[in-house]
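>>> Got a sequence here, can you model it:
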Amino acid sequence: MGEEVRSVIIVGSGPAGYTAGLYTARALLDPLMFAGYMSGGQLMLTSDVENFPGYPKGIGGPEMMIDMREQAERFGLEVHDKNVERVDLSERPFRVWVEGEEFRAHSLIICTGAEAIWLGAEGEEEQKGRGISTCATCDGAFFRDEEIIVVGGGDSAMEEATFLTRFASKVTVIHRRDVFKASKVMYERAEKHPKIEIKPFRQVKKWIAGEQGLTGALLEDPRDGSEEEISCAGAFIAIGHKPITEFLEDQIETDSEGYIVHKENTMTEVPGVFAAGDVVDKRYRQAITAAGMGCQAAIDAEKWLEEQD
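Residues are numbered from 1 along each chain as shown. Have a look, this model is predicted:
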């Protein structure tokens, strides 16, 4: 470790982390980033991004993350593709452990994001980004005039199903029970839509794919094990997200769902610890909003460090 104390350590990557890295590097704060073993965040699973400004022809998610990383590194961001195991926020400098090695920093920016909860059905891993998605806003436009499945029973599932009717010829909502967590308003809006069919007592047993990607799913009735096949070109899993905060060990306030809570601008309840992106945001969850919050966190950290000096 040595005696070096960095001005800023960024935990996590993705649009929020790389943007925070870009801004702190340009501010000459010599930022150090631990991007994680799966650096790049959820966009590493997105085949095409068409709604991020500056890419008129669209761009692959992994390619965009490479661009963001290279831009930040050009200004001096130091990146290591390693996971942070734990932190000690009880005093400053903050202590960060990575693969048994200790690092210290005057401030932290947490950009670890939130991982979608997947079904774990057979064939799912192979079709992620090739027909199966967790973001209708991101990927819905790729399925114009196609049949689509939405899996879930909460407000998010109903909202995504309703949104997807803009593009799809038909949207089938699949839920393993006949009791839905969605609000009455959201459920009725989906139920009454002419393009939406709601199928209770169904769960995905297996995804079916062809050479070009997803073609359908094998559904199972959990009550009796009976099966049926359904055709679809796309599927959206909307059973929730889980913010990646385990390494914090409850040292920062989170809400009932585990998302980090801001206390002042992008700063958490711990002075000097900032958070940005999907680890905070459970409403928008877009690359552009994450990048914007990463910018805010970097500027907030810079101003806070100046005040300490």
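>>> So what's the residue count around Lys170?
The number of residues packed near Lys170 is 17, by other Cβ atoms under 10 Å. C-beta here means a position set from N, CA and C on the backbone, and glycine is covered the same way.
>>> repeat for Glu91
Residues lying near Glu91 (other Cβ under 10 Å) number 7.
>>> While we're on it, how confident is the model there?
As predicted, Glu91 sits at a pLDDT of 96.
>>> Double-check that it belongs to a helix.
No - per DSSP: H, G, I helix; E, B strand; the rest coil, Glu91 lies outside any helix segment and is coil.
>>> Provide a list of residues in contact with the residue nearest to Asp48 when sequence neighbours are not counted.
Here the nearest residue to Asp48 in space, its sequence neighbours aside, is Gly58; by Cβ to Cβ, 6 or more residues apart in numbering that works out to 5.2 Å. Applying Cβ atoms under 8 Å, 6 or more residues apart in numbering to Gly58 gives the contacts 48-50.
>>> One more pass at 10 Å, please.
Counting by Cβ atoms under 10 Å, 6 or more residues apart in numbering, Gly58 touches 47-52, 64, 142.
>>> Including secondary structure and neighbour count, could those residues go into TSV?
TSV is the format used below for those (DSSP: H, G, I helix; E, B strand; the rest coil; neighbours: other Cβ atoms under 10 Å):
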residue	secondary structure	neighbour count
Ser47	coil	16
Asp48	coil	18
Val49	strand	20
Glu50	coil	13
Asn51	coil	14
Phe52	coil	17
Met64	helix	23
Phe142	helix	16
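>>> Quick check: the farthest pair among these?
Spatial extent of the contacts of Gly58 (Cβ to Cβ) is set by the pair Met64 and Phe142 at 16.0 Å.
>>> Show me what counts as buried in the helix or strand bottoming out on mean pLDDT in the chain.
Scoring the helices and strands of the chain by mean pLDDT, DSSP states H and E places helix 136-139 at the bottom, with a mean of 86. Neighbour-count burial for helix 136-139, counted by 16 or more other Cβ atoms under 10 Å, picks out 136, 138-139.
>>> Could you check how far it is from the centre of its chain?
12 Å (Cα atoms, centre = their mean, to the nearest Å).
>>> Mind giving me the packing neighbours of the helix or strand following it?
Helices and strands here follow DSSP states H and E; after helix 136-139, the next one along the chain is strand 147-151. Packing partners of strand 147-151 (3 or more Cβ pairs under 10 Å, 6 or more residues apart in numbering; DSSP states H and E): strand 132-133, helix 155-164, strand 170-174, strand 196-199, strand 203-210, strand 213-220, strand 227-231, strand 234-237.
>>> Having no further points to raise, I will conclude here.
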